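[1] return a 3D structure for these sequence lines:
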Amino acid sequence: MQLAHPAVARGVAEHSDFADRPLARLFGTLDFLLVTTFGTPDEVARIAAKVRGVHGTVRGDGYSGNDPDLQLWVNATLIDSALHIYEHLMRPGGGEPGLAEEYYRQARIVAEVLGCPLDAQPPDLASFRAYMAETVASLEVTDTAREVAAAVLHPRKLRALAPALAVFRLVTTALLPEPLRDQYGLPWTRDRRRAARLVLGGATVLHRLTPAFLRRPPRPLLVRLARHRVDRTLQSRRDRRRRGRPSPPDQPPSDQPTEV
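    As a prediction, the model looks like this:
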């Protein structure tokens, strides 16, 4: 979904190293979201400042890492995906009244700390859903987006995880809005639709059977692990500079808004 925005696709294609470090980029995403969601104000301010500084170097023809509109779109895809999973897998048929609205209100902080002010974001859930529908309908998947998406769906560094990646591709295809799935040219046959229903239905059952203490690890532990990885990444960058090999400009201690 993120790459379907042409400016995001160009930014990723020209600045990201995810193809060489797919798991590192994944953990970068998780670390940033964990600290932003559950960290102290000082921890959030620290990681946000680092990411904003890196984003200042991410610019090109028609895009900038500090563009509030792009920050809004990238965070919107995360929110939309989380709401879809909650409403269709975790609580199919309806969830706790008002929870989706409250989740959206709180989740806006991710774009805010990156530089997109709250008054530039949809003010409520209804406005957000309208924004998503309008944006998805207006997007045109480019050849660049298709090339980067192929690298995301078929990471050459993770071939040993082929069975898991097959499930990853199936679920990714299933969750994409139909207009974007069609533009990417992703196969969506009757057999694949049936397989996706089985996988997602199994995930719903597994979620219900998993005890709450396993589904929700202690927040302080998650933040501590994320902070440790952030500090380790920063130290690694400093070590490379001392050896005279500066790290690429898109390796922050957390995820960039032009990452998938």
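
[2] for Leu70, see how far away the residue nearest to Thr142 when sequence neighbours are not counted is.
    Leaving aside its sequence neighbours, Thr142 sits nearest to Pro6 (C-beta to C-beta, 6 or more residues apart in numbering; 5.0 Å). Glycine gets a C-beta too; all of them are placed from N, C-alpha and C. Using C-beta to C-beta, to the nearest Å, Pro6 is found at 10 Å from Leu70.

[3] these two: which has the busier surroundings?
    More crowded of Pro6 and Leu70, by other C-beta atoms under 10 Å: Leu70, with 24 against 16.

[4] I figured that one was touching Tyr63, is that so?
    Yes: between Leu70 and Tyr63 there is a contact at 6.6 Å, judged by C-beta atoms under 8 Å.

[5] which other helices and strands does the biggest helix by length in the chain contact?
    The longest helix of the chain (DSSP state H) is helix 219-242. Counting by 3 or more C-beta pairs under 8 Å, 6 or more residues apart in numbering; DSSP states H and E, the packing neighbours recorded for helix 219-242 are helix 22-38, helix 41-55.

[6] return it as PDB; C-alpha atoms alone will do.
    Listed next in PDB are the C-alpha coordinates belonging to helix 219-242 (Å, rounded to 0.1, in the frame of the first residue of the first chain):
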ATOM      1  CA  ARG A 219       5.400  -3.300  27.500                       C
ATOM      2  CA  PRO A 220       8.500  -2.300  29.500                       C
ATOM      3  CA  LEU A 221      10.200  -5.400  28.200                       C
ATOM      4  CA  LEU A 222       9.300  -4.600  24.600                       C
ATOM      5  CA  VAL A 223      10.500  -1.000  24.900                       C
ATOM      6  CA  ARG A 224      13.700  -2.100  26.600                       C
ATOM      7  CA  LEU A 225      14.500  -4.600  23.700                       C
ATOM      8  CA  ALA A 226      13.600  -1.900  21.100                       C
ATOM      9  CA  ARG A 227      15.900   0.600  22.800                       C
ATOM     10  CA  HIS A 228      18.700  -1.900  23.000                       C
ATOM     11  CA  ARG A 229      18.500  -2.500  19.200                       C
ATOM     12  CA  VAL A 230      18.400   1.200  18.600                       C
ATOM     13  CA  ASP A 231      21.500   1.800  20.600                       C
ATOM     14  CA  ARG A 232      23.200  -1.100  19.000                       C
ATOM     15  CA  THR A 233      22.400   0.300  15.500                       C
ATOM     16  CA  LEU A 234      23.700   3.700  16.500                       C
ATOM     17  CA  GLN A 235      27.000   2.200  17.800                       C
ATOM     18  CA  SER A 236      27.400   0.200  14.600                       C
ATOM     19  CA  ARG A 237      27.000   3.400  12.600                       C
ATOM     20  CA  ARG A 238      29.600   5.200  14.700                       C
ATOM     21  CA  ASP A 239      32.000   2.200  14.300                       C
ATOM     22  CA  ARG A 240      31.700   2.300  10.500                       C
ATOM     23  CA  ARG A 241      32.400   6.000  10.500                       C
ATOM     24  CA  ARG A 242      35.600   5.400  12.600                       C
END
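
[7] the chain should start at 35 in everything you say after this.
    Sure, I'll start counting at 35 from here, so that last one is helix 253-276.
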